[in-house]
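Asks: let me see the structure of the following:
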Amino acid sequence: MSKIALIIQGPIISSGVRGPILRDKNLLTKKNDKTFVDYNCFNNVITLAKNARNFFNYIVLSTWESEFNQALLENNLFDKVIINNESSFENIYIKHNIFNQNYKKQFHTLNIGSDFLKDKDLDFVVKVRTDLFINLEKLHQECLNAISKEVALINNGIRSKRRFLEIDDFIFGSEANFFFNWMSNLLNIEFRDWGGSHHRLMIAYLWTKYKNSFKFREILFFHKDIVNNSKSISKKAIQEWNKFHILNKEFWKDSKLRGEGLDIRYYDFEPELPLLEKHKIKYNFRLFFKWFINKNRK
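Replies: Numbers count the residues shown, from 1 in each chain. Next up, the predicted model:
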C-alpha cells in the first residue's frame, strides 16, 4: 500500500471572498457581508482530520497562532500540529523585504509541514487548505491515481491558453521527495518580484524538475513576464500539462470554500490548450544574482 500524507495548511480564521462568488473576486470593489467573510475554520479542520484518519497515513496541520492553539494541540486527530508565529514571520520576511508579498505565508506553512514529514518514508504528499471542505476519500483515490501514473496532482485545467505557467493552489501533491524539494525551492527562491502564488508554484515545479538539465540556464527561470516566457521553459511547462493528473469536475461537487458552496465556475469550464507565443527577452537579472549570491554563500 502506498503511504500518503495530507498537509492541511492555512489560518484558522480565513478572510476572503465568499465561496459562491469566488470567480468574481477580481471584479469586487467593496468588502461587505455579501461579498466577503471572516470564516472560522476550526470545525472544518477537525472534520477534515477525522475523515482523513480513514485514508491517509499522516495528517499534519500547519497554521498560524490563534485563540484555538491549545484546542488544536490537544487534539489527537493530527500526527503533528504546527503553530507558526505570524508576527515573527512578517518581521523577518515582509518587513525586511526578503519577500515582497504576503503569499509567502502559504509557502512557509507548507515548507514547515513538509519538514516534519521528510523522515516518514512516504510515497506521496498532498496539501489542502484549512478553509476548503472536500471529499477526502475521493482525494485519496486521486492520489493513488497520480502515483500509478508517476505524475503530480493538481487542481484543474488551463483557464486561459496564454497563462499555462500557473498552477492553482487549492490542492496539489506529488511524489514525496519531489514535494519536499518543490516546497523548499518555492520558499527559498524569489523567482519574481511581483505577482502571486500560482505562477511561482509552476516555476518552482519546473525548477525542481529541470534545473539540473544540461539544456537549461538558471537565468531562464527568472523571467519577468508570465505570458511571453522563455521558449525552453514554456515548452517544458506544456509538456508537464500533458502529464499532470488533474482533478475532474465530479471531484469538486459538494465541496465548500469558507463554509459555503464553491463557485461552480471554478471547476466547471472547458480547459484551453496552451498557446506558445513569441518569446520576449525580459529577464530579472537582479533576482537572478540575488539567488546566485545566496547559493554561493551556502
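Asks: residue boundaries of the strands in this structure?
Replies: Taking DSSP state E to define them, one finds strands in the chain at 4-9, 13-17, 36-40, 58-64, 80-84, 124-129, 132-133, 153-154, 172-175, 245-246, 256-257, 260-261.
Asks: for the record, mean pLDDT for the longest one?
Replies: To tie it back to what came earlier, the one meant is strand 58-64. Averaging pLDDT along strand 58-64 yields 96.
Asks: sorry, back to before: ok, which of the strands of the chain comes nearest residue 213?
Replies: Nearest of those to residue 213, taken as C-beta to C-beta: strand 172-175 at 18.0 Å. Where you see a C-beta, it was placed from the backbone N, CA and C, and this is true even at glycine.
Asks: the closest residue to residue 279 other than its chain neighbours - how many residues pack around it?
Replies: Distance criterion C-beta to C-beta, 6 or more residues apart in numbering; nearest residue to residue 279, sequence neighbours excluded, is residue 231 at 4.7 Å. If you count neighbours by other C-beta atoms under 10 Å, residue 231 ends up with 13.
Asks: can you check residue 188 too?
Replies: Using other C-beta under 10 Å, residue 188 is surrounded by 15 other residues.
Asks: identify, out of the strands of the chain, the most deeply packed stretch.
Replies: For the strands of the chain, average neighbour numbers computed from mean count of other C-beta atoms under 10 Å are highest in strand 4-9, which has a mean of 26.
Asks: residue 238: what's it in contact with?
Replies: Contact analysis of residue 238 by C-beta atoms under 8 Å, 6 or more residues apart in numbering lists 164, 274, 276.
Asks: which of those residues are buried? Put it as a ChimeraX command.
Replies: Selection command for ChimeraX covering only the buried members of the contacts of residue 238, criterion 16 or more other C-beta atoms under 10 Å:
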select :164,274
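Asks: between the contacts of residue 238, which is nearest residue 153?
Replies: Ranked by distance to residue 153 (C-beta to C-beta), the contacts of residue 238 are led by residue 164 at 17.2 Å.
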